[in-house]
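[1] Attaching a predicted model along with its sequence, questions to come.
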Amino acid sequence: MPCISECLQGGICSFNDTCICPPCYTGNSCEISTNVIKFSLTFAMKWDMQQTTSNSSFNTPEFFYTAVVAIMLFMAVINNIACLQTFLLHDIRSTNCGMLQIFYCIAGLITIIGMQLRMLTMLKFDALTNAYSYRYTACNIIPVVVILMADNCMWLSSVLIIEFVLLECFNFNIYRSRRFSVLSSTIGLILTIGSHMHEIIARRPLPDPMHPDSYSCTFAYTLPLDIIDKILRVCHVIIPLAIHFIGSICMLISITRRTLLVRDRKDYFSVFISACIKRKHFFVPPLFIIVSNLPHLILHLKDPCEDARDISLLRTHIAFNILVYLPPSITFLIYIFPSNSYMYKFKTTFMGRCFKRIFQRRKEQNASRWNQLRAVSREKFTIFVSCAKQKFKN
């Protein structure tokens, strides 16, 4: 006996007139995808929140995700403002590295602010209105801008690694024309926008599996466009990560060759390590970006079907996805802090001077407390010694 509605996605019609859906699909006709790989970050969070709401009075995932995104926004604002103040100094902005890092900070700020904005709209406004203008902005514009800027950060960091290789391996002049940074950043931005235009045009929100009367910001494309979208998404991660890895290897080879040229020395390993530490500002950014993006890439490539009804798998996906947005949130730690010259320049900026005063004041307060503690301890020890002498005489 056939089912009343046709079973989609390879579903099987059972004897009781219902469809037995394959993994990662649900619904009367298996029309709803539960594949977490197709979920946006905010929709994956929303799915977890909705499942928790039905089982608990306090929504722990909502509190946790809101706190994490808010902390990332706070860190992104502080880090990127500190970086922009440093990179906009004349000595730094006159270089290709400085220009690329300025563009990276701006793209990173837009990424995290957009992520926070989408989080707020999901929590506060999605359930209040189904207006087309709001839904189109919340689902087709803001998430695409966030993804676009995140991908642009990946490409900017890749171009920055290429610049590091040119300086370290080929002895290019650091103060040569900035045409390379401007042209590469412009071309990269145009290509990135072009590769995401189909998302703005062709995206269509799907029915919410948890609340069929409302929509959800997760999307399904027609088959050819879906394949193109997957290829572009993978390229936006794999190619930049490959550039970071190859660039790091090239710089290590250059350091190794210079180490081997040291004559009349036998401590080659210590010379190599000291040279790597001296150039740690070349290696920290690519290492951190590779580590933060690789888990999410492996999770997506490992299995084309990851069912969101498995809560542990869903939360792993969310955690790895959040990790992708971490580098734009801590630009100071990966670009300025490892570099002695950048740290020296940062201390001359307004924010650097403010931090210096704060730490200096705290250092003086700690020193004052330590001196008071030493004085009290010395006084108590003197009293103890005098009491002991008096007892000994008696």
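    Structure's in. What do you need? Quick caveat, the model's predicted, so the values are computed rather than measured.

[2] quick one: contacts of stretch 229-236?
    Residues from elsewhere that reach stretch 229-236 (C-beta atoms under 8 Å, 6 or more residues apart in numbering): D151, M154, W155, T192, S195, H196, H198, E199, Y221, L297, H300, L301. Using the backbone N, CA and C atoms, a C-beta is placed for each residue, glycine as well.

[3] Any chance of CSV for those residues, columns secondary structure, pLDDT and distance to T137?
    Below are those laid out as CSV (DSSP: H, G, I helix; E, B strand; the rest coil; pLDDT from 0 to 100; distance: C-beta to C-beta, whole Å):
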residue, secondary structure, pLDDT, distance to T137
D151, helix, 94, 20
M154, helix, 95, 25
W155, helix, 95, 26
T192, helix, 94, 20
S195, helix, 90, 21
H196, helix, 88, 16
H198, helix, 82, 18
E199, helix, 81, 14
Y221, coil, 71, 20
L297, helix, 89, 29
H300, helix, 81, 27
L301, helix, 82, 32
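
[4] Let me see the ranges of the helices in the stretch 101-250 of the chain.
    Under the criterion DSSP state H, counting those that start in this stretch, the stretch 101-250 of the chain contains helices at 132-136, 142-169, 179-202, 223-260.

[5] Quick one: the strands in this structure, in order.
    Per DSSP state E, the chain carries strands over the ranges 12-13, 19-20, 25-26, 32-33, 205-207, 215-219.

[6] Any quick PyMOL command for the buried ones out of the contacts of stretch 229-236?
    PyMOL command restricting the contacts of stretch 229-236 to the buried ones, with burial defined by 16 or more other C-beta atoms under 10 Å:
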select buried, resi 151+154+155+192+195+196+199+221+297+300
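
[7] Now the two most distant members of the contacts of stretch 229-236.
    W155 and Y221 (23.2 Å; C-beta to C-beta).

[8] Quick check: buried residues in stretch 174-192?
    By 16+ other C-beta under 10 Å, the buried positions in stretch 174-192 come out as R178, F180, S181, S184, S185, G188, L189, T192.

[9] contacting residues around it?
    With C-beta under 8 Å, 6+ apart as the criterion, stretch 174-192 contacts 94-97, 99-100, 103, 148, 151-152, 155-156, 159, 163, 167, 236.

[10] Could you rerun that using 10 Å?
    With contact meaning C-beta atoms under 10 Å, 6 or more residues apart in numbering, stretch 174-192 is reached by 91, 93-104, 107, 147-156, 158-160, 162-163, 166-167, 172, 232, 236.

[11] show me where pLDDT drops low in the stretch 101-250 of the chain?
    Scanning the stretch 101-250 of the chain for pLDDT under 70 picks out the ranges 124-130, 204-220.

[12] re earlier: ok, the contacts of stretch 229-236 vs C7, which is closest?
    If you rank the contacts of stretch 229-236 by distance to C7 using C-beta to C-beta, Y221 comes first, at 21.4 Å.

[13] wait, that closest one sits on S33?
    No: the pair Y221 and S33 fails to qualify as a contact (C-beta atoms under 10 Å) at a distance of 11.6 Å.

[14] hmm, which two among the buried residues of stretch 174-192 are most spread apart?
    Farthest pair in the buried residues of stretch 174-192 (C-beta to C-beta) is R178 and T192. Separation: 20.5 Å.

[15] Relative to I174, how far out is P240?
    23 Å (C-beta to C-beta, to the nearest Å).

[16] And Y268, by the same measure?
    Distance from Y268 to I174, counting by C-beta to C-beta: 28 Å.

[17] Return the set of buried residues in stretch 348-362.
    Result for stretch 348-362 [16+ other C-beta under 10 Å]: buried residues T349, M351, G352.

[18] got it, and stretch 312-330?
    Buried residues in stretch 312-330, counted by 16+ other C-beta under 10 Å: 314-318, 320-322, 324-330.

[19] that older thread, now render the helices of the stretch 101-250 of the chain as CSV, adding distance to N59.
    Below are the helices of the stretch 101-250 of the chain laid out as CSV (distance: least, C-beta to C-beta, whole Å):
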stretch, distance to N59
helix 132-136, 23
helix 142-169, 22
helix 179-202, 29
helix 223-260, 30
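
[20] Just name the most buried of the ones you listed.
    Among the helices of the stretch 101-250 of the chain, ranked by average contacts under mean count of other C-beta atoms under 10 Å, first place goes to helix 142-169 (a mean of 22).
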